[in-house]
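[1] Quick one: sequence plus predicted model below, questions after.
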Amino acid sequence: MRSKALVKTRCQRCGREILTAANASFANRPWYRRFGGICASCLSDEEKSELSTEKVRETNLAARRFRIPGRIDWKSEKFPEDEEEVLRFMAQRYFYTKQFIAAATVMDEYPDLDVTEILRRLEEKGKIQALC
């Protein structure tokens, strides 16, 4: 089981001591980069609403499953390194399990990458397809 350790830090706005997650998978999430170092009492109602919306959007994305709709010619097609790594992981996982890959699985495998952006780019290029 992975450790969900908390670390003490200071609110970026008021300086109050707060606890935040030490989990690296949070560090690259846009909402965490923006709000992770701010205590709840310093967030405006608008920011709280934005944070909630982002978390719901992320949860919806994490639940989405993807398939690879066509063959990929790994020798001739060129991908940025992060896209290729994620795409190879998805292809291998499907090959061995015959199950479509959830975004959450990819996020867990690559906590230091902006998986949301990588999946969006791969989907835009037609290399993966979300299942509705």
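    Happy to help now that I have it. Since the structure is predicted, the reported quantities are computational estimates derived from the model, not experimental observations. Numbers count the residues shown, from 1 in each chain.
[2] could you pull out the helices for the chain?
    Ranges of helices in the chain, per DSSP state H, are 24-27, 30-35, 45-63, 81-97, 103-109, 115-124.
[3] Nearest approach to Lys8 belongs to which of those helices?
    With C-beta to C-beta as the measure, helix 24-27 is the member of those nearest Lys8 (15.7 Å). For glycine as for every other residue, the C-beta is placed from the backbone atoms N, C-alpha and C.
[4] which residue sits closest to Met90 in space, ignoring its chain neighbours?
    Distance criterion C-beta to C-beta, 6 or more residues apart in numbering; nearest residue to Met90, sequence neighbours excluded, is Ile101 at 4.8 Å.
[5] So that neighbour is in contact with Ala62, correct?
    No: using C-beta atoms under 8 Å, Ile101 is not in contact with Ala62, being 11.5 Å away.
[6] Look at those two and report which has more neighbours.
    Neighbour totals were compared for Ile101 and Ala62, and Ile101 leads with 23 against 16 (other C-beta atoms under 10 Å).
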